[in-house]
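> Below: sequence and its predicted model.
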Amino acid sequence: MTTDIEELGINVIRGLAMDAPQRAGNGHPGTAMALAPLAHVLFTRVMRHDPSDPDWPDRDRFILSCGHASILLYSMLYLTGYGLTLDDIKAFRQFGSKTPGHPEVHHTKGVEVTTGPLGQGVANGVGMGMAESWLRNRFSPDVADHHTFVICSDGDLMEGVSHEAASLAGHLQLGRLVYIYDDNHITIDGPTELAFTDDTAQRFEAYGWDVDRVGEIANDPDALEVAVRRAISVEDKPSLIVLRSHIGWPAPNKTDTSEAHGTALGDDEVRATKEILGIPTDETFWVPDEALNFYRECIPRGQAFNAEWKARVKAWPGDKSEYQACLEGRGLTGWHEKLPTFASGEELATRAALSQVLSAIVDVVPGLNTGGADLTDNTGNFVKGLPVLSAENPAGRLIHYGVREHAMGAAMNGMAMHGGVIPFGGTFFVFSDYMRPAVRLAAISQSKVVFCWSHDSVGLGEDGPTHQPVEQLAAIRAIPGLRVIRPADANETAHAVRVALESDGPTALLLSRQKVPVLEGTVDKAAAVAKGAYILAWGAEDPDIILLGTGSEVSVCIEAADLLAAEGVFARVVSMPSWELLDAADDAYRALVLPVAIPTLAVEAAASFGWDRWSDDSVTFDHFGASGAGTTVLERLGYTATNVAERARQLLGLDTGDDTDDGDEDTDDTGEEIERDGDDETA
């Protein structure tokens, strides 16, 4: 039965939910007011969490997918003792505060994932459920045995990513997921019925979820607890509780209005609402000692849960070194010695090299999980013999996400932020556009995920312009905090994986569909991938020009340098797999690799955008590709040794009189336009 002190605490939450946006002059008070009883029940009655140790590995996770209601989460983190102060609540949405407009992981203790873009938190929760299930089944319930609780909104469930994620969760039968859908019928534009008349419950039932339509119990803590505990008891399906709430309750003039969604209530409405609640109308941020003391009881209770877990882990007879490596997101001691090397002269696509690298290290990097969005083998994420993760085998390490790029990216973030898993996930590079919101959040959150994007240029060939990335490389390089690596060959690929595993934050690996040669010298020099660029071929102590290549175009630079050398023009070849890593290197190293006094020609089969920072000219193109054999398309766009050598002569001002194709025309050798067809996505 709900006690008087609990009723007081719930009203304190509602008071903070009004006062913080009112002081800030903006914010979203309504959802926090309506869901105060639910948050109270989760944090005080249901969840196993330790405010004194926010990163305790076996804690229950809480995600506020509707991140605009962040004041609800901040209020609970302050009240239950996660380190926020009342002054932090007063600084809501102010520059530099610990209480920004939307929850940010690593910025505020107790925030599990960064939410705000609707739907992403829903999919993050699925990733967290996958990680918990994997750890529990890979090791033991003694070390991992918890739930993920997610509050989501109408907006979350309109966004497409939530549909993909819910379908995946149902397929995997993730029984430790408990989602509460805040069915308040209000969006910023007005009633949800303006644009949304789905039967959400039926949709989730079709996805394979257990659905409980609890109706009008938003103000009944006891009924809420019963509903949540019932959902917890369902072990073979994820659970959705459909809760009918009234946004802004009990504001006399703004309950059930869009005004309560996105704007402060106003002084008069706040005063009138406080009067209804029976809390002081002439005091802001009112938190009586008895309420605060009640909520702080979460600390010793959580410490007891934590101590119990530590005792279980200590007594657990399993492999603690592997478990600890998983938790720390690293390989076992000496793991990098398993990285393969490749002999020069061999030819293989860098996507194929990735598969060999993963196969070589998967046993010594125990948290490594790999998979793809219906393109697992095609992207190099396939490891032969690795068990598939499924409802029947939740400890599998090969994940088939299906054609769900949106959900794959967001679930990978959830797995990484949960801890215990290092997710590798692949699709064709052009489809990184589908994943961009999750990739951006990975960068903001610095989640340790590895995006493996293959078919990284027009060299993929016959599938044509719809599948050939052009502007994607410049676009992802524009994301701050994302480490982008485009290896030139198999040896660089191995070291790119090493960089990804030994670094914090997200990494994007861009991999070729077509075979490329293993280059002379990379077996010894490719460790310099960690510096972003390195001199692969010196050419001469005092070269005339630098040919600066990335990915599959580095081999073209080597061939062009040989042509130029035969004419007495000496070119130094620099492989530059990562702009970001070179940018992080010291000034002296950058000056060594790319001295400003030497003319530099960049060669990359993508858009020119950004290359003026690193080079004096570039062999690039700023139009879409064409359907045809990959070798033909690359040739017709100018990615040949002959054309690169000619462009080098032009940059040096050497008059050769050569009318070599400059790569601007999409024609074949007969002068006919290259056909734009082909739909072999799996080639």
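Thanks, I have it. Residues are numbered from 1 along each chain as shown.
> Mind splitting the chain into its structural domains?
Following automatic domain parsing, one finds the domains of the chain at 4-304, 335-517, 528-652.
> wait, which of these is closest to residue 329?
Minimum separation from residue 329 across these (C-beta to C-beta) falls at domain 335-517, 5.3 Å. For the C-beta atoms, the positions are set from N, CA and C on the backbone; glycine is no exception.
> how long is the closest one from one end to the other?
End-to-end distance for domain 335-517: 26 Å, by C-alpha to C-alpha, to the nearest Å.
> again, but for stretch 563-575
Using C-alpha to C-alpha, the two ends of stretch 563-575 sit 18 Å apart.
> mind listing what's buried in that stretch?
563-564, 569-575 (16 or more other C-beta atoms under 10 Å).
> Residues contacting that stretch, please?
By C-beta atoms under 8 Å, 6 or more residues apart in numbering, the residues outside stretch 563-575 that reach it are 488, 492, 519, 522, 533-540, 542-550, 554, 557-558, 560-561, 593-594, 598, 641-642, 645, 648-649, 652, 654.
> Need the buried ones from the residues you listed selected in ChimeraX.
Buried members of the contacts of stretch 563-575, defined by 16+ other C-beta under 10 Å, are picked up in ChimeraX with:
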select :488,492,519,522,533,534,535,536,537,539,543,544,545,546,547,548,549,550,554,557,558,560,561,593,594,641,642,645,648,649
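> Return the subset of the contacts of stretch 563-575 lying in helices.
492, 522, 554, 557-558, 560-561, 593, 641-642, 645, 648-649, 652 (DSSP state H).
> so which of the residues you listed comes closest to residue 191?
Nearest member of these to residue 191, counting by C-beta to C-beta, is residue 492, at 55.3 Å.
> Am I right that the closest one is in contact with residue 581?
No - using C-beta atoms under 8 Å as the test, residue 492 is too far from residue 581 to be in contact (11.9 Å).
> residue ranges of the strands in the stretch 301-450 of the chain, please?
347-348, 368-372, 398-400, 422-428, 450-454 (DSSP state E, counting those that start in this stretch).
> Could the C-alpha coordinates of the helix or strand just after the last one be exported in CSV?
Put plainly, it is strand 450-454. For strand 450-454, the following helix or strand on the C-terminal side (DSSP states H and E) is helix 472-477. Provided in CSV are the C-alpha atoms of helix 472-477 (Å, rounded to 0.1, in the frame of the first residue of the first chain):
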residue,chain,number,x,y,z
GLN,A,472,29.3,9.1,-47.6
LEU,A,473,33.0,9.2,-46.9
ALA,A,474,33.1,13.0,-46.5
ALA,A,475,29.8,12.8,-44.5
ILE,A,476,31.1,10.4,-41.9
ARG,A,477,34.4,12.1,-41.6
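> Would you mind identifying the next helix or strand past helix 472-477?
Remark: after helix 472-477, the chain's next helix or strand is strand 483-485, criterion DSSP H and E.
> Determine how far that next one lies from the middle of the whole chain.
Computed by C-alpha atoms, centre = their mean, to the nearest Å, the chain-centroid distance of strand 483-485 equals 14 Å.
> and if you look at stretch 404-417?
Here stretch 404-417 shows a centroid-to-chain-centroid distance of 6 Å under the convention C-alpha atoms, centre = their mean.
> export it as PDB, just CAs?
Listed next in PDB are the C-alpha coordinates belonging to stretch 404-417 (Å, rounded to 0.1, in the frame of the first residue of the first chain):
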ATOM      1  CA  ARG A 404      17.500  -3.700 -40.100                       C
ATOM      2  CA  GLU A 405      20.400  -1.200 -40.400                       C
ATOM      3  CA  HIS A 406      18.700   1.400 -38.200                       C
ATOM      4  CA  ALA A 407      18.200  -1.100 -35.300                       C
ATOM      5  CA  MET A 408      21.600  -2.700 -35.800                       C
ATOM      6  CA  GLY A 409      23.500   0.600 -35.200                       C
ATOM      7  CA  ALA A 410      21.400   1.600 -32.200                       C
ATOM      8  CA  ALA A 411      21.500  -1.900 -30.700                       C
ATOM      9  CA  MET A 412      25.300  -2.000 -31.100                       C
ATOM     10  CA  ASN A 413      25.400   1.300 -29.100                       C
ATOM     11  CA  GLY A 414      23.200  -0.400 -26.400                       C
ATOM     12  CA  MET A 415      25.400  -3.400 -26.200                       C
ATOM     13  CA  ALA A 416      28.600  -1.300 -25.900                       C
ATOM     14  CA  MET A 417      27.000   1.000 -23.300                       C
END
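> Just give me the neighbour total for residue 482.
The tally of other residues near residue 482 (other C-beta atoms under 10 Å) stands at 20.
> mind listing what it touches?
439, 442-443, 476, 505-508, 580.
> what's the answer for residue 407, then?
Applying C-beta under 8 Å, 6+ apart, the residues contacting residue 407 are 123, 126, 161, 164-165, 167-168, 401.
> Spatially, which two of those are the most separated?
161 and 401 (12.3 Å).
> more crowded one of these two?
residue 161 (29 against 25).
> neighbouring contacts of the helix or strand where that one lies?
In this assignment (DSSP H and E), residue 161 forms part of helix 160-172. Here helix 160-172 makes contact (C-beta under 8 Å, 6+ apart) with 119-120, 122-123, 125-126, 129-130, 133, 152, 156, 177, 203-204, 207-209, 237-238, 389-391, 394, 401-402, 404, 406-407, 410-411, 437-438.
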